[in-house]
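K.L.:
just the structure for this:
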Amino acid sequence: MIAEALMQLAGTAWGLGDTERGKEIYEEGADLCREAGYTFRLPDFLFSLGYQLLLEGDYERGAALNEEAVAICREYGYKRSLNFALDNLGWATLLQGDHDRARTFYRESLTVSRELGDKACASESLDGLTCIAGAEGDVGRTARLFGVAEAMRETLSEAVAFLHTPEEDA
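P.N.:
From the prediction side, this is the model:
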């Protein structure tokens, strides 16, 4: 229950713009999960902290935390967290210039997101594939992917508040 409360508290801190406190709480939650052997929530702490590090430009550490989350998800069959960690790995590798690996991560994230019906994560992975297509000069594919991702986001924003922070947009 403490781990669950820490996840909520970290998300609240992050949502209020106190990313430093959010990172501290994510780290505390990950440590607690490791100590208690609570593997169910551990990937969430790892990919959340890793995501924040990616937004700050620490691609290496962010990727390492997401790789650990993916390994745990695969070992225990946690698809609910797997798609987020794979999407984050897509961004980490894309931002480091490895389009082929990023494409692989995004495609797997899309597959898992489709199985889960998770349009929010799917739209993020489509954004990544859009960036790759644009970087590779495939204008037609870029436009198509952007349109699909944008339509998905519009549908989501009608159902729930779905907004990016300025760091996420960048």
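
K.L.:
contact partners for the most far-flung residue of the chain relative to its centre?
P.N.:
Distance from the C-alpha centroid of the chain, by Cα atoms, centre = their mean, peaks at Gly140 (26.1 Å). For Gly140, no contacting residues are found, by Cβ atoms under 8 Å, 6 or more residues apart in numbering. The way it works is simple: take the backbone N, C-alpha and C, and place the C-beta from them, glycine included.

K.L.:
just checking, Phe45 touches Leu9?
P.N.:
No: Phe45 lies out of contact with Leu9 (Cβ atoms under 8 Å); the separation is 11.6 Å.

K.L.:
which one's more surrounded, those two?
P.N.:
Phe45 (27 against 16; other Cβ atoms under 10 Å).

K.L.:
can you check the pLDDT for the more buried one?
P.N.:
According to the predicted model, the pLDDT of Phe45 comes to 96.

K.L.:
distance of it relative to His99?
P.N.:
Applying Cβ to Cβ, to the nearest Å, the value for Phe45 to His99 is 29 Å.
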